[in-house]
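Student: please find the sequence and the predicted model below.
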Amino acid sequence: MGKFGKEFAKGLIISNPVLVLALGLCPTLAITTSIDNALGMTLVVLVVLVGSSTIIAAIRNFVPSIMRIPIFIVIIASLVTVMDLIFQANFPDLHVSLGIFLPLVVVNCIILARAEVFASKNPILHSIADALGITVGFMLALLMISSIRQILGTGSLSVFGFDFFTLPVLGKYPIAMFILPPGAFLIIGLLMALFRWRGVMKSE
Amino acid sequence: MPAKEALKKAFPVILLTVVVAVSVTLLTFTDRLTREKIEYQREQKIHRMLFEIFPNMSQYTLENDIYTIYSDGAKVGYAFIAIGKGYGGKIDILVGLEDETMIKGINIVSHLETPGLGARITESPFTNQFTGLDIANVALRQDGGQIDAITGATRSSRAVIEAVRTTAMEKVKLLKDSEEGE
């Protein structure tokens, strides 16, 4: 596995942004009520994170360190606004259900952390690999949390209008708590414990 | 030497200016590309919401920002957009009037209120309270009206109520004036 593969793979499990690094918890807890939301959020983060990492890695040698935060924020905010407008024009329903959390990607600490910790110190190709790995890791976490919450909270699994299955008993009596905030905390806590436990086993 | 020194000092400023210029160009470009579609989506949404307020609507016309609703050729009501100043920003409210005094129903078109608190202005327990009210009675219960505020979101609730009442009064005046003119 080359350096590119290594930078990519570390984001998936060992330094999964949500479940191990515990970054970006606010949007994660809020939008994981359905798989549609999780995929929409992933798309925004994919474009913004890969875009900002590429640009920041490309200009890293010109940016004086005192100016880096304002410059990073301008770049990230521009990309987020572009995505916000594109979503508003093409996916109005998704735009409504992501609500305030779409523009708030500007201050998402996953993106700023990658800019600060990685992209500002590494060449473009490695930064792209890192961004992609982190995005896939973010997607894995969102998909795990949202599918568990959706199945337990609504008793069925459907993605963008395609119904996959409806559980016999849960379909009729869903556990609404899992769609509400307590369900988000419970599921994310259990998944964090699982990732931590697997991580500890590996390092021993 | 001083020129070189000055350039070195000015470099961060120049760099940030360039970055902002590029970003403004990108945003203007995206805005141009998406504006028409966003406007279209908004019209679709208003159309859907008009149907929710006037289920028997067969067609409508838009003149001077007032929608006139027809059902099989007969006039059944009016609608317009009221703009409220909420806690998080602008709230666009679609207001339907049964006649020149009574509210038929309202619907929130867009808002920027806090999820779980102010954002509950979009939910039917709040919006249904407006249905059948006389325009003059559109006020919070604590202000002598008939509408209960959302718990923990008095400011958002009041923003909607004030916008509905003041805009409704303005529009009704316009309607009456134009009828007299005819």
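Tutor: Happy to help now that I have it. Residues are numbered from 1 along each chain as shown, chains lettered A, B, ... in the order given.
Student: contacts and neighbour counts: CA atoms only from here.
Tutor: OK.
Student: for the residue of chain A found nearest chain B, what is the enclosing helix or strand?
Tutor: When scored by CA to the nearest CA, chain A has residue A:89 as its residue closest to chain B, at 4.4 Å. Using DSSP states H and E, residue A:89 falls within helix A:68-90.
Student: please identify the buried residues of that helix?
Tutor: Neighbour counts using 16 or more other CA atoms under 10 Å in any protein chain shown place A:68, A:71-89 of helix A:68-90 among the buried residues.
Student: which secondary structure elements does that helix sit against?
Tutor: Packed against helix A:68-90 by the contact rule (3 or more CA pairs under 8 Å, 6 or more residues apart in numbering or on different chains; DSSP states H and E) you find helix A:35-59, helix A:92-98, helix B:2-53.
Student: which element is the residue minimising distance to the centre of chain A on?
Tutor: Chain A has residue A:138 as the residue nearest its centroid, 3.6 Å off, counting by CA atoms, centre = their mean. For residue A:138, the element it lies in under DSSP H and E is helix A:124-154.
Student: what residues sit buried inside the following helix or strand past that helix?
Tutor: Per DSSP H and E, the first helix or strand lying C-terminal to helix A:124-154 is strand A:156-159. Buried residues in strand A:156-159, counted by 16+ other CA under 10 Å: A:156, A:157, A:158.
Student: show me the contact partners of the helix or strand following strand A:156-159.
Tutor: Next helix or strand after strand A:156-159 toward the C-terminus (DSSP H and E): strand A:162-166. Residues from elsewhere that reach strand A:162-166, judged by CA atoms under 8 Å, 6 or more residues apart in numbering or on different chains: A:155, A:156, A:157, A:158.
Student: now the element after strand A:162-166, going C-ward?
Tutor: Using DSSP H and E, the helix or strand that follows strand A:162-166 in sequence is helix A:181-203.
Student: that following helix vs helix A:124-154, what angle?
Tutor: Helix A:181-203 runs at 130 degrees relative to helix A:124-154, counting by axes from the mean of the first three to the mean of the last three CA atoms, to 10 degrees.
Student: so which bits of chain A are right by chain B?
Tutor: Proximity of chain A to chain B (CA under 8 Å from any CA of the partner chain) is limited to residues A:63-64, A:67, A:70-71, A:74-75, A:78, A:81-82, A:85-86, A:88-90, A:92, A:100.
Student: show me which residues of the lowest-mean-pLDDT helix or strand in chain A are buried.
Tutor: Taking mean pLDDT, DSSP states H and E as the measure, the helix or strand of chain A with the lowest value is strand A:162-166, at a mean of 81. Buried residues in strand A:162-166, counting neighbours by 16+ other CA under 10 Å, are absent.
Student: ok, now stretch A:17-28?
Tutor: Buried residues in stretch A:17-28, counting neighbours by 16+ other CA under 10 Å, are found at A:17, A:18, A:19, A:20, A:23, A:24, A:25, A:27, A:28.
Student: and for the closest residue to the third one other than its chain neighbours, the neighbour number?
Tutor: The reference is to residue A:19. Among residues not flanking residue A:19 along the chain, residue A:192 sits closest, at 4.9 Å (CA to CA, 6 or more residues apart in numbering or on different chains). Residue A:192 has 18 neighbours, counted by other CA atoms under 10 Å in any protein chain shown.
Student: now for the residue of chain B at minimum distance from chain A: which residues touch it?
Tutor: Relative to chain A, the nearest point of chain B is residue B:38 (4.4 Å; CA to the nearest CA). Counting by CA under 8 Å, 6+ apart, residue B:38 makes contact with A:85, A:88, A:89, A:90.
Student: the second one touches residue A:99, doesn't it?
Tutor: If I follow you right, that is residue A:88. No - using CA atoms under 8 Å, residue A:88 is not in contact with residue A:99, being 10.4 Å away.
Student: quick check: the gap between residue A:161 and residue A:35.
Tutor: 11 Å (CA to CA, to the nearest Å).
Student: looking at those two, which one has more neighbours?
Tutor: Higher neighbour count among residue A:161 and residue A:35: residue A:35, with 24 against 8, using other CA under 10 Å.
Student: contacts only, for the nearest residue to that one once chain neighbours are set aside.
Tutor: Once flanking residues are discounted, residue A:35 sits nearest to residue A:146: 5.4 Å by CA to CA, 6+ apart. By CA under 8 Å, 6+ apart, the residues touching residue A:146 are A:32, A:33, A:34, A:35, A:38.
Student: residues contacting residue B:34?
Tutor: A:85, A:86, A:89.
Student: rewinding a little: dump the buried residues of strand A:156-159 into CSV; add pLDDT as well.
Tutor: Listed next are the buried residues of strand A:156-159 as CSV, based on pLDDT from 0 to 100:
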residue, pLDDT
A:156, 83
A:157, 84
A:158, 82
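Student: residue A:105: neighbour count?
Tutor: Count around residue A:105 with other CA under 10 Å applied: 25.
Student: tell me if it really is in a strand.
Tutor: No - going by DSSP: H, G, I helix; E, B strand; the rest coil, the assignment for residue A:105 is helix, not a strand.
Student: now it. Nearest residue, chain neighbours left out?
Tutor: residue A:80 (6.7 Å).
Student: is it true that that neighbour touches residue A:46?
Tutor: No - counting by CA under 8 Å, residue A:80 stays clear of residue A:46, with 10.8 Å between them.
Student: let me see the ranges of the strands in chain B.
Tutor: Along chain B, counting by DSSP state E, strands occupy B:59-63, B:66-71, B:74-85, B:90-97, B:103-110.
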